[in-house]
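Q: A predicted structure for the sequence below; I have some questions about it.
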Amino acid sequence: MRFPLLPFAVAALVAVHFLPDPVSAQETPTITIKKGNSVTVALDPLTGGDGPGATKILQNDLEISGWLQVGSPAQAGYTIRGTASGGSVTGWVVDRGGREVLRANYSGGTRSAVHQFADEIVETLTGNRGIATSKIAFISNKTGRKEVYLADYDGANVIQLTRDNAISVSPSLGPDARKLAYTGYQSGYADVYLIDIPSGARNRILKYPGTNTGAAISPNGGRIAVSLSKDGNPELYVTSINGGGAKRLTRTRGVEASPTWSPGSDAIIYTSDNGGTPQLYRISASGGSPTLISTGHSYNTEPSWSPDGRRVAFNVKGGSGFQVAIKDLTGGSTSIASTGGSAENPAFGPSSRHVAYSMGGSIWIVDIFTGKRFQVISGVGNATQPTWSL
Amino acid sequence: MFFPFKTLFQSLIAAALVLVLYTGCETTQDEFVGVDGDFVTGSPLPERREGVSFMGGGVNRNQFAPVYFSYNSFEVPGSEDGKIVTVAEFMKSSPNDIIVAGFTDARGTEEYNRVLGERRALAVRDALIMKGISGSRIQTVSFGEELPAASGSSESAYSQNRRAEIGLIQ
């Protein structure tokens, strides 16, 4: 089968891509920013006392971002400049005509300020959400027990969140990394705890009989989806953010696990083995009939729904254990995003193009559009089960 | 058109019965927002006894032999039935309650293993209920692939880790 119109379609797409966007032209009459999926930028080393360190952080942010390519000033459509000192950054971006398309001051420490600048560059030049200010939480056995840790998305500023000295697992970060839910065994049972990260306050919010686990905080921050066995079988429930008012969503002979929320907080994808092997299903957060999501794989667990709603990442068996698979919920195809060893517990980041997973005791990020991989957290014991703030 | 009428009549009777049973069962449960006609499973777990931990000193984990399971299965194998009988007989003559803890091998992902382990613990609980033990005397917990009985990645180690342990509350 040939596609005689393909060259014309490509030409048309390219032409549309390079046409000025009439809407943004109206909004900003003096500056027309051409938004695209890969914009080449040049990075002038940042000046000031903290310049060299800040430049390194920014370079790494831009490289991982995926939306931007760092090139020479001759190739670049924009040049990034800035000055960093005293924990603050003043950053600006100029186009080829020397006009400023972005200028802002950022504070909160050099790292944080640079990450804010990086996300604003991505947003301004491409219209996409960056990941530089996001956080990744994970589990490590560094102390000899499994505890919850929190880090910047690039692996900096690792802090140990729990000191339960029991088994603490299955973390889920809420929006803006303000809250974190996890499963802890301090009581001898599997309970769900909720940490308010800014204040450090922690509460045991689900302590029903049996096993309470897999809690996922909704993107609007208001609810929790969780697997509870209190009624005699592990089933899917939705509760308020503080664990109250548990509503049962499923009723099967099999087990339900690992819920993940839709961007609108109105639907949930989860794993169930009710059909014999673990498969992904989608259900409305207010109940109803679940729909099977066919993937072509017989083992489908640990799903993570992308914040743009278009994809779901999950584990399948393959390679030397598990692989990270990506199912396109709009187009329908399923692809494998991980290579090498056993890759577990995928978690989409706020960009909807980056997925974090654990492999060989480290946390990795894969850019599913380019296939580029970055080892972001390593040397913190055996790091597993990443969860990424949206 | 006798046949269709008869089946319709039967369906109506069945639907009415289901409705009566359903409303009868659900009055004390949390609101169920799923669909009618799904599977009705298990018996609700009894309230916890806070302070009693399967891993703590108040629970004897050596009184009974572990119940072993097949790969990715939560059915109690027929070959393990004798162990269930032993526990049931003991409980009939003893006031002590039990906690059943479910475990898996490491060949699944963590959260799926955690619920699979719980399902194994619940399968042992259901088997004991079938042998006449009150469900109110049996708590469950799952550790998933944590706390393996045998280390390593041999089939022998895996088969020892796919288990439910029965802890006697002292």
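A: Cool, the structure landed. What you are looking at is a predicted structure, and each value in this text was computed from that prediction instead of being measured.

Q: Show me where the stretch 151-300 of chain A has its strands.
A: Under the criterion DSSP state E, counting those that start in this stretch, the stretch 151-300 of chain A carries strands at the ranges A:159-160, A:168-173, A:179-184, A:191-196, A:201-206, A:212-217, A:223-228, A:235-240, A:247-248, A:256-261, A:267-272, A:279-284, A:291-293.

Q: With chain B instead?
A: For chain B, applying DSSP state E gives strands covering B:59-60, B:67-68, B:98-103, B:138-144, B:163-169.

Q: on that earlier part again, will you turn the strands of the stretch 151-300 of chain A into CSV that also has distance to A:A337?
A: All C-beta spots, glycine's among them, are computed from the backbone N, C-alpha and C. CSV is the format used below for the strands of the stretch 151-300 of chain A (distance: least, CB to CB, whole Å):
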stretch, distance to A:A337
strand A:159-160, 28
strand A:168-173, 21
strand A:179-184, 25
strand A:191-196, 29
strand A:201-206, 32
strand A:212-217, 21
strand A:223-228, 24
strand A:235-240, 26
strand A:247-248, 33
strand A:256-261, 16
strand A:267-272, 17
strand A:279-284, 16
strand A:291-293, 17
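
Q: residue in the stretch 51-200 of chain A nearest to chain B?
A: Using CB to the nearest CB, A:G188 is the residue of the stretch 51-200 of chain A that sits closest to chain B, at 2.5 Å.

Q: Any idea how many residues pack against that residue?
A: The tally of other residues near A:G188 (other CB atoms under 10 Å in any protein chain shown) stands at 23.

Q: List the residues that contact the residue nearest the centre of chain B.
A: In chain B, the centroid-proximal residue (CA atoms, centre = their mean) is B:L122; its distance is 0.8 Å. With contact taken as CB atoms under 8 Å, 6 or more residues apart in numbering or on different chains, B:L122 is in contact with A:210, A:229, A:232-234, B:42, B:74, B:100, B:102, B:140.

Q: which one in the residues you listed is the model shakiest on?
A: Among the contacts of B:L122, B:G42 has the lowest pLDDT, at 71.

Q: thinking that one is in contact with A:P234, fair?
A: No - assessed by CB atoms under 8 Å, B:G42 is found out of contact with A:P234, at 9.5 Å.

Q: more crowded one of the two?
A: Neighbour totals were compared for B:G42 and A:P234, and A:P234 leads with 32 against 22 (other CB under 10 Å).

Q: And that one, how close does it get to A:S272?
A: Applying CB to CB, to the nearest Å, the value for A:P234 to A:S272 is 9 Å.

Q: so what sits against both of these two?
A: Common neighbours of A:P234 and A:S272 are listed as A:255-257 (criterion: CB under 8 Å, 6+ apart).

Q: If we check chain B, which of these are in contact?
A: A:255-257 (CB under 8 Å from any CB of the partner chain).

Q: Save these as TSV, and put in pLDDT too.
A: Converted to TSV, these look like this (pLDDT from 0 to 100):
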residue	pLDDT
A:V255	95
A:E256	97
A:A257	98
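
Q: now chain A, which segments are flagged as low pLDDT?
A: A:1-37 (pLDDT under 70).

Q: Which single residue of it approaches chain B most closely?
A: Residue nearest to chain B within chain A (CB to the nearest CB): A:G232, separated by 2.0 Å.

Q: how about that residue, what does it touch?
A: B:41-45, B:122.

Q: try it again with 10 Å
A: A:209-210, B:40-45, B:122, B:125-126, B:129, B:135, B:140 (CB atoms under 10 Å, 6 or more residues apart in numbering or on different chains).

Q: One more: B:V59?
A: Per CB under 10 Å, 6+ apart, neighbours of B:V59: A:188, B:52-53, B:98-99, B:101, B:165-170.

Q: A:W261 is in contact with A:A267, correct?
A: Yes - at 7.5 Å, A:A267 counts as touching A:W261 under the criterion of CB atoms under 10 Å.

Q: which residues of chain B score low on pLDDT?
A: For chain B, the ranges with pLDDT under 70 are B:1-41.
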